[in-house]
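Asker: Here's a sequence, model it:
(chains A, B and C)
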Amino acid sequence: MTAVTGYWNRLSLASRALLVLVPALLVLGGVATVALALLLPPLLDFLGANLGLVRFIIAATVIIVVTIPTAFVIIYMELKVIARMNLRVGPDRVGPFGAAQSVVHGLKVLSKEDYTPAGVDVSVFTLAPVAVFLTTIMSFLVIPFAPGLVAQDLNIALLYFFAIGGLNVVGLMMAGWASYNKYSLIGALRAAAQAISYEIPLTLSVVGVIILAGTMSTTAIVAQQSGSFLDWNVWKQPLALLVFFIAATAEANRTPLDMTEADQELVAGFATEYSGMRFGFFFFAEYVNVFVVSAIMVVLFFGGWTAPFDWPFPVQLALDPASLGIGLLFLIALAPVLGTVILALPFWLGSSRISTLQALLIGFVLFNVVAVAALLGWAFVSFDWVVGLFWMLAKSYVFVFVFVQMRATFPRVRIDQLMGFAWKWLLPAALLNIFVTAIAVSLVGKG
Amino acid sequence: MDRAFKALLERKLATWLEGPVRQRHDETEVRVRAGDVPQVMRTLHDDSDLRFEYLADLCGVDTGTAFQVVYHLWSDVTPDWLRVIADGIPRDEPRVPSLSFLWKGAEWLEREAYDMFGLVFEGNRDLRRIYLPEDFIGFPLRKDFHLADDAARSPGGGVRPMDRPVPPADADATTLRRTSPGA
Amino acid sequence: MTTPTRPSLDDPALAIPVEHAGIFEPIPVPRTEREREFYDLKDGELLLNMGPHHPSTHGVLRVVLKINGEQIVDVDPVLGYLHRGAEKICENADYHQVISQVDPLEYISALFNEWGAVLSFEKLLDVEVPRRAEYIRVLAGELNRVASHMLFLGFYALDLGGITPILWSFAERDEIMEALAALTGQKLLFNYFRIGGVNGDLNHEFLSRVGDWMSRAGTHLEDGMTLLNENEIFVRRTRGIGVIDRETALRMCVSGANLRASGVPFDLRRAHPYSVYPELDFDIPTRAEGDSLARYLLRFDEVKQSLRIIDQCLHEMPDGPVMAKLPRLLRPRPGRAFSSVEAPRGQYSTYVVSDGTDQPFRMRIHDASFLHLEILGLLMPGTLVQDIMVVMSSLDPVMGGVDK
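Answerer: Numbers count the residues shown, from 1 in each chain, chains lettered A, B, ... in the order given. Next up is the predicted model:
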């Protein structure tokens, strides 16, 4: 016994941990293997019978994961674009050109205290950011990114989209009401008034598109616009696009229609009392929302994933990796080393001020760039969905850019002007659009 | 200096003038009794030869023996500033008629004078402190208001906490920091 | 020691009495007629406390709003968060020290604070200021006026939710401030004017900076600052909001650009000339509308006039000394002097009483911003909560000058 304790006492902390953990893991692994062997067949049977469910769960997980870089990219765009418009440099410390600044912002928000002020309705206060965030990422479900790359191809996708988008305001109301703060309450009431007013023209403006497409499925609407950019709905529905764009700005709470936040008057409105990651969720949701409305605008009016023109130089790659045989193995093993050395050579030879190690490092980085570019190029010419994703994201970010630029350009409108505009101009315009479209369709037919 | 203006003032304000009309540089100065201020100002404002429509300033002054309220007016009939001094307001009963019936903007100026000197403007409908907190005791621009560190200036007086002011009626040479009866 | 617990709604200390329209604070007991009127809340009315920690109250102004939904029923500005008793301080400082004591009052245009003080002291002492010093004063003062108006033009857009113009105008303002720093040695509170002249003659760096800036100031102003002037959202939010008519403006003792925007051509540089302004050629821009947009655009025109004055000063600068000969210790004869200068925010006046010692017996400082805040009570009722930024910002108060 003393020998054992003596041995134990001489061990370092890490060794002790290893000594405990390794056997424990072995035992657990054994148990898990046995359990899996017993449970897997029935589980697989179940999943095989419910493939839709599997697909949904995977899609939902992917979407939650995908929203994070989306928000980061938009936050970075906002920081950088507005800085440029303001004669500033913007973030330039973290990462190349400050690109990782938004990630650091996210980490900072995560590490802050999540404070609950006195007097708030704790449960509602806690649930509000969740409600806002969930409704936003739920709208992601029906956005078709590429042929086949849509989380749920609903036949009532647009209806679903607007229904979920309307739920967003419930979260804002919860936040404003539960915050126990008059500024938040006014912000929440503004949010409710604004969302209800703009929901109507927003929904009515797409009725024209629905009439043309004859369906509410987003994928079908995109498919109907395939061809060149002349087939896009924007040429047939310019008024609808205008109404949709303005109403979507209000729905996404973006300047000049960001009544609910209004830093200069309501001090962030519904989010005044929030701190830490709860506050982070609101802004996460806002930026994701900007992407969502841009994406749905692209889907409805700008042909979604379809390319605006046919690629003028069609490339056919008949490359079958299996045909290389053992050569593939050599390629994988040797190409990085060779590529690195070859790309490093010019630097090593060209300048005596670059040491061998530095030259190799440069070569390695360059090789990675080349390899990634080659891989992407290969994917682009080989897979339809990569092309679709490229065009979809490119078009969406153009509109994200427009939203960001608008924020740096316009002052805020007044609440009565905002409401008056929705009811007196946007709603009649949307209705007019429906009438004209319906008459045109009944006279000329679709197309 | 506008000599003609002096004559004009002496004619128009003859009833209320206390002492001569004085002039120096670009300023013309008249002294009136505090109770006469409304009539004087009404005359200055409404008379078609005077037309003093612009009230430049209103402030209190503590001469050490009495309070004054000093008004500065501008008109296009003269290049001079007109200074009206409402003189001889007793320290223990500082009451002045308000001017807010003529210039509503004077309301806050009077609030400031009340805050700093304790001058009570009768007719001002919002006479409360404007700068200092509501529970502040004492009127800081009075000459008998000493801060704690003013002890260095008057060793004989010692430190007088500002929450225990000397009532104006009891003010004597030791509590008054400076006096200037000629002001 | 007890562990602090998280406050709960069941805590009787946190219960809100029904009659309290303030959330945490009870309604104050009214003392005056005006307060009784203000705190007499009707059904559906709510008190909203705006400031002193609010992003667009220009410092530490606090405004208690009585609102009915989004509509403002009444406002009650509460001052004093920046009050340091400058008048009392000046009574304990000698005449030279007063200049640096009044400097930080209206900190956006500090030169005018000094100007008011030295003008009245020079009257008390019967000092003749050299002509070159007067020209330098006008030059520096007009530069400061441009810088101040630039700040206003940028901040006005910011208060309306436009985030870009403020940085554009700051770029302009910074060039002026750098030039003034080369002249005076300080970048915000210059402490440059002296009784009987100015502290130091023009220097090469100042002149080159000013010349450099003047060569493109006009185009920068047209390019950058006109960003907003015809913006539909901006115009719709400011036109017809916060209208001060001519009679109200005079009754409320409004001065400066706010008065001129109401159609009264009252500018002390012309109405009661001081320094060398009578020799200079410039116009007094006025506008008849009296609304927030007029006040914004009027300051625009004033900047152009100031550029004219700066140009003339630079070209007609006389030679000579920049300081009058004065003793170190100043003991003016007992007497009174009043002086008033046209500061960017309106009339800035100083009334000084001397009792023959080296310290002022009474030093009265009056800044126009103080009375400009008083009009809020007349302008705001009936407008929306959002309009308070539009109106208050267009009156351009600086709390340093308001609170003294």
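Asker: Name all residues that make contact with the residue at minimal distance from the centre of chain B.
Answerer: Central residue of chain B (CA atoms, centre = their mean): B:V69, 1.3 Å from the mean position. B:V69 makes contacts with B:34, B:37, B:58-61, B:85-86, B:89, B:96, B:113, B:119, as judged by CB atoms under 8 Å, 6 or more residues apart in numbering or on different chains. Every residue, glycine included, has its C-beta placed from N, CA and C.
Asker: Those residues in strands, which ones?
Answerer: Here DSSP state E is the test, and those give B:58-61, B:85-86, B:89, B:96 as lying in strands.
Asker: Next, format those as CSV and append distance to chain A, pLDDT and neighbour count.
Answerer: Below are the ones in strands among the contacts of B:V69 laid out as CSV (distance: CB to the nearest CB, whole Å; pLDDT from 0 to 100; neighbours: other CB atoms under 10 Å in any protein chain shown):
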residue, distance to chain A, pLDDT, neighbour count
B:L58, 34, 92, 26
B:C59, 35, 91, 24
B:G60, 38, 91, 28
B:V61, 41, 91, 26
B:I85, 45, 92, 20
B:A86, 43, 90, 27
B:I89, 44, 89, 23
B:V96, 40, 91, 24
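Asker: filter those down to the ones near chain C?
Answerer: Near chain C, judged by CB under 8 Å from any CB of the partner chain, the entries from the ones in strands among the contacts of B:V69 are B:59, B:61.
Asker: Now do the helices in the stretch 101-250 of chain A.
Answerer: Using DSSP state H, counting those that start in this stretch, the helices of the stretch 101-250 of chain A run over residues A:101-111, A:122-139, A:157-178, A:182-205, A:207-213, A:218-224, A:233-236, A:238-251.
Asker: quick one: the longest one to helix A:238-251, angle?
Answerer: When you say that, I think you mean helix A:182-205. Put simply, helix A:182-205 runs at 160 degrees to helix A:238-251, going by axes from the mean of the first three to the mean of the last three CA atoms, to 10 degrees.
Asker: Same check on the third one?
Answerer: Taking the same axes, to 10 degrees, one finds helix A:157-178 and helix A:238-251 inclined to each other by 30 degrees.
Asker: Whether the helix or strand where A:V65 lies contacts chain C - can you check?
Answerer: Assigned by DSSP states H and E, A:V65 belongs to helix A:51-85. Yes. Interface with chain C: helix A:51-85 contributes A:82, A:85 (CB under 8 Å from any CB).
Asker: Buried residues, that helix. List them.
Answerer: A:59-60, A:63, A:66-67, A:70-83, A:85 (16 or more other CB atoms under 10 Å in any protein chain shown).
Asker: And B:D46, what's its pLDDT?
Answerer: pLDDT for B:D46: 90.
Asker: Tell me how far it lies from chain A.
Answerer: 41 Å (CB to the nearest CB, to the nearest Å).
Asker: what's that residue sitting at in phi/psi?
Answerer: phi -90, psi -30 (degrees, to the nearest 10).
Asker: Kindly report the same for the one 10 residues further on.
Answerer: Here the main-chain torsion angles of B:A56 (degrees, to the nearest 10) amount to phi -80, psi -40.
Asker: coming back round to it: show me the one of the helices of the stretch 101-250 of chain A that comes nearest chain C.
Answerer: Of all those, it is helix A:182-205 that lies closest to chain C, at 5.3 Å by CB to the nearest CB.
Asker: close to chain C, is that closest one?
Answerer: Yes. Shown here: helix A:182-205 in contact with chain C (CB under 8 Å from any CB) through A:182-183, A:186, A:190.
Asker: Quick one: distance of that helix to the chain centre.
Answerer: Distance of helix A:182-205 from its chain centroid, counting by CA atoms, centre = their mean, to the nearest Å, is 23 Å.
Asker: now swap in stretch A:132-146 and tell me
Answerer: Centroid displacement of stretch A:132-146 relative to its chain, using CA atoms, centre = their mean, is 8 Å.
Asker: Pull up the distance across it, start to finish.
Answerer: Counting by CA to CA, to the nearest Å, you get 27 Å between the two ends of stretch A:132-146.
Asker: Identify the single longest helix in the chain, thanks.
Answerer: No chain specified, so I'll use chain A. If you go by DSSP state H, chain A has its longest helix at helix A:13-49.
Asker: My question was about chain C, not that one.
Answerer: Per DSSP H, chain C has its longest helix at helix C:131-159.
Asker: residue contacts, the residue nearest to B:P133 when sequence neighbours are not counted?
Answerer: Closest residue to B:P133 apart from its sequence neighbours, by CB to CB, 6 or more residues apart in numbering or on different chains: C:G80 at 7.3 Å. The contact partners of C:G80, by CB under 8 Å, 6+ apart, come to B:129-133, C:403.
Asker: which sections of chain C are below the confidence cut-off?
Answerer: For chain C, the stretches flagged by pLDDT under 70 are C:1-28, C:225.
Asker: Give me the nearest residue to the residue of it found nearest chain A, chain neighbours excluded.
Answerer: Taking CB to the nearest CB, chain A has its nearest neighbour within chain C at C:G161, 3.0 Å off. Excluding the flanking residues, the one nearest C:G161 by CB to CB, 6+ apart is A:R412, at 3.0 Å.
Asker: can you confirm the one you found is in a strand?
Answerer: No. Per DSSP: H, G, I helix; E, B strand; the rest coil, A:R412 lies outside any strand segment and is coil.
Asker: Now the phi/psi pair for it, please.
Answerer: When read as degrees, to the nearest 10, the backbone of A:R412 gives phi -90, psi 150.
Asker: hang on, A:I156 packs against A:T215?
Answerer: No. Checked against CB atoms under 8 Å, the pair A:I156 and A:T215 is beyond contact range at 9.3 Å.
Asker: I figured A:D416 hits C:D387, correct?
Answerer: No. Judged on CB under 8 Å, A:D416 makes no contact with C:D387 at a distance of 9.9 Å.
Asker: List, one by one, the residues from the stretch 201-350 of chain A near chain B.
Answerer: Nowhere does the stretch 201-350 of chain A come near chain B, counting by CB under 8 Å from any CB.
Asker: Might you list the low-confidence residue ranges for chain B?
Answerer: Along chain B, segments meeting pLDDT under 70 span B:146-177, B:181-183.
Asker: any idea how it splits into domains?
Answerer: Per the record, chain B has its domains at B:3-122, B:144-176, by automatic domain parsing.
Asker: deepest of those domains, which one?
Answerer: Greatest average neighbour count among the domains of chain B goes to domain B:3-122 (a mean of 19), per mean count of other CB atoms under 10 Å in any protein chain shown.
Asker: Not counting its neighbours along the chain, what's nearest the closest residue to chain B within the stretch 151-300 of chain A?
Answerer: Of all residues in the stretch 151-300 of chain A, A:K182 sits closest to chain B, at 23.0 Å by CB to the nearest CB. Ranked by CB to CB, 6+ apart and with sequence neighbours excluded, the top spatial neighbour of A:K182 is C:L48, at 5.3 Å.
Asker: so C:Q347 makes contact with C:I365?
Answerer: No. The criterion here is CB under 8 Å, and C:Q347 misses it with C:I365 at 11.8 Å.
Asker: the more surrounded of these two?
Answerer: C:Q347 (28 against 25; other CB atoms under 10 Å in any protein chain shown).
Asker: pretty sure that one is in a strand, no?
Answerer: Yes. Applying three-state DSSP, one finds C:Q347 inside a strand.
Asker: Check the burial of the spatially closest residue to it that is not a sequence neighbour by counting its neighbours.
Answerer: Nearest-residue entry for C:Q347: C:S255, 3.9 Å, with adjacent residues in sequence omitted and distances by CB to CB, 6+ apart. Counted with other CB under 10 Å, residues neighbouring C:S255 total 32.
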